[in-house]
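Enquirer: One predicted model, sequence on top.
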Amino acid sequence: MKKPVIAGEWQVLFRPEKNGNYVNDHTVVRGADGLWHLYGITSFGGHSYEERYFAHGRGARLDAPFEECGRVVDRGTLAWAPCVIGKGDNYYMFYGPSPTSLAVSFDMFEWYGYPVTLLDEPPMAAHRDHFVLKLDENRYLMYVAGTRDGKGAISLFSSQDLLTWRFEGFALTSGGRAPLRNGCGAMESPFVLKKDGLFYLFLTYTDCSDETYNDTLVFCSADPRYFGEYDGEAGALQPIAKLRAHAAEILIEDGRYFITTCGWLDKPVPNRGCVSVAPLEWV
């Protein structure tokens, strides 16, 4: 097991101007065109109820700002926290809030709504912040921020085709002594990375206060389906790292690791109104 460490200064990666004035939860994926594509929550007012489409940016490398391409998934309803994964010739975008929505694209610019089915999902198991991990050619896991017994949790679903998902339980839960218990769940923006045979779960643990907004906890497990029960400092399960980032994505370019952060305009982010990126090392 290794510990992730932010190993450099934050640099601006993407700052929208035409379609919004900030970026919150986002996804970054390499396209068939060889470019990085970023999609993220935005608006001009900065209120969650105004977030109804995603800003789209793209760039050739992670060490230079992305250009703004436009907006996607503009359907007049709430659109939060996208996750994009490629399969075959198409790209699949999952987003919230509940119920889970899906849009599919062949070129990463035009996105078409498509039905998605969640089986056996209990009430409030999942309602926002999706992340999809590819295990092999026909096995996928989806992690979704939600609640269990009124406390934050990360739900787990499995699929073979990205269209029908079955609820398997909870990848991470909050214990009875969990320090944060805000109503919508304090566990946000899960991101899972496989490295050297282990799985690392990055998540933002916050009640949206300035003090916790940039708290990203990292948990490690040999089993991507279960990371344990988190009870704060009083519990047996402890994160292997605590990073100062919000809704972090972990990216790999030329063998080097990078981490992103983002956030609302009124929060203490390193660069206002944008997604920032910094090098990440493992020690």
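Expert: Yep, it's here.
Enquirer: beta partners of Lys242?
Expert: Residues in a beta bridge with Lys242, per DSSP bridges, are Leu217.
Enquirer: Repeat that for Glu253.
Expert: Residues in beta-bridge contact with Glu253 (DSSP bridges): Arg256.
Enquirer: just so I have it, where are all the strands in the stretch 1-150 of the chain?
Expert: Remark: strands assigned in the stretch 1-150 of the chain by DSSP state E, counting those that start in this stretch are 4-6, 11-14, 26-30, 36-41, 54-59, 67-72, 80-87, 90-96, 101-105, 112-113, 117-119, 128-136, 139-148.
Enquirer: Out of those, which gets nearest to Leu162?
Expert: Set against Leu162 and scored by C-beta to C-beta, the strands of the stretch 1-150 of the chain come closest in strand 90-96, at 5.1 Å. (Each C-beta comes from the backbone N, C-alpha and C, glycine too.)
Enquirer: So which bits of that closest one are buried?
Expert: 91-96 (16 or more other C-beta atoms under 10 Å).
Enquirer: Next: stretch 68-79.
Expert: For stretch 68-79, by 16+ other C-beta under 10 Å, it's 68-69, 71-73, 78-79.
Enquirer: contact partners of it?
Expert: The contact list for stretch 68-79 (C-beta atoms under 8 Å, 6 or more residues apart in numbering) reads 14, 16-19, 39, 41-42, 48-49, 51-58, 82, 93, 95-97, 101, 103, 109, 111, 113.
Enquirer: Can you give me the end-to-end span of that stretch?
Expert: 19 Å (C-alpha to C-alpha, to the nearest Å).
Enquirer: now do stretch 84-95
Expert: Per C-alpha to C-alpha, stretch 84-95 runs 9 Å from first to last residue.
Enquirer: For that stretch, what is the distance to the chain centroid?
Expert: 15 Å (C-alpha atoms, centre = their mean, to the nearest Å).
Enquirer: same question, stretch 77-93
Expert: Distance, centroid of stretch 77-93 to centroid of chain: 12 Å (C-alpha atoms, centre = their mean).
Enquirer: Kindly check the end-to-end length of it for me.
Expert: 15 Å.
Enquirer: repeat for stretch 255-274
Expert: End-to-end for stretch 255-274, by C-alpha to C-alpha: 25 Å.
Enquirer: sorry, back to before: show me which of the buried residues of strand 90-96 is closest to Phe157.
Expert: Among those, and counting by C-beta to C-beta, the member closest to Phe157 is Phe94, at 10.1 Å.
Enquirer: Excluding chain neighbours, what is closest to that closest one?
Expert: His130 (4.2 Å; C-beta to C-beta, 6 or more residues apart in numbering).
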